[in-house]
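**Student:** A predicted structure for the sequence below; I have some questions about it.
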Amino acid sequence: MDVQWVYFPLHPDTPAEGLLLKDLFAGRGLDLTVMHARMKGLMDAEGLPYNRRTYTYNSRLAQELAKWADSRPGFEAIHDALYRAYFVGGRNLGNPEVLLDVAQTVGLPSNEAREVLTKRTFKDAVAADWEKARRYGITAVPSFVVGGTKIVGAHPYDELAERLRAAGAQPKSANENQ
């Protein structure tokens with residue numbers, strides 16, 4: 001079964017300069033320290049880097065860049081690079097210069113990446129993804145849809161793999177992963 005990335009509008013009204021997390025979650029009765037500790041624990045258990053952030057940023061342009069990279073075979077690494085830029089480096093993924101730097105780290109041609117971001121070439125494709133996410137009832141990230149089953153939220157790898165298998169997903173063979 002192939003993975004298809006579908007982009008989701010998490011906090012689409014976030015301004016370009018970002019928003020303090022304490023302001024984003026104000027009045028919701030959430031403890032940001034507890035939230036971070038939970039995510040840090042999950043990430044550490046999977047060997048994934050994860051740092052504490054104080055800001056959230058608008059990810060729309062990052063999604064458009066990633067949608068373009070998805071259309072170019074061999075550039076799946078953009079997802080890991082964007083993850084690291086945001087969750088490890090705390091970089092503003094709403095800033096085109098940051099996105100151009102990320103694109104360059106995975107070998108995407110910077111002149112083409114700049115054109116994608118400037119002309120918003122993949123704006124409609126991302127809008128279609130947002131609509132698809134709404135149809136599926138996606139309200140959080142990460143979310144996984146396999147057949148008619150939806151799995152929402154961060155889970156330990158083994159639990160996620162088991163839930164995906166139970167929903168009908170088949171793991172790739174070792175040869176397919178290379």
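**Tutor:** Sure, I can see it.

**Student:** these two touch, right, Leu82 and Leu61?
**Tutor:** No: distance between Leu82 and Leu61: 10.7 Å, which falls outside the contact criterion (Cβ atoms under 8 Å). (Glycine included, C-beta is placed from N, CA and C.)

**Student:** joint contacts of the two?
**Tutor:** Taking Cβ atoms under 8 Å, 6 or more residues apart in numbering as the contact rule, the neighbours common to Leu82 and Leu61 are Leu93.

**Student:** next, count neighbours for Ser110.
**Tutor:** 12 (other Cβ atoms under 10 Å).

**Student:** show the pLDDT at it.
**Tutor:** Ser110 carries a pLDDT value of 94.

**Student:** and Leu164, what is it in contact with?
**Tutor:** With Cβ under 8 Å, 6+ apart, Leu164 has these contacts: 144, 146, 151.

**Student:** are we agreed that it is in a strand?
**Tutor:** No: Leu164 is assigned helix when assessed by DSSP: H, G, I helix; E, B strand; the rest coil, not a strand.

**Student:** do you know how far it is from Ala66?
**Tutor:** Distance, Leu164 to Ala66, using Cβ to Cβ, to the nearest Å: 22 Å.

**Student:** Val34 too?
**Tutor:** Relative to Ala66, and taking Cβ to Cβ, Val34 is found at 30 Å.

**Student:** do the same with Leu24
**Tutor:** Leu24 is 22 Å from Ala66, by Cβ to Cβ.

**Student:** between those two, who's got more neighbours?
**Tutor:** For Leu24 versus Ala66, neighbours defined as other Cβ under 10 Å are more numerous around Ala66 (25 against 15).
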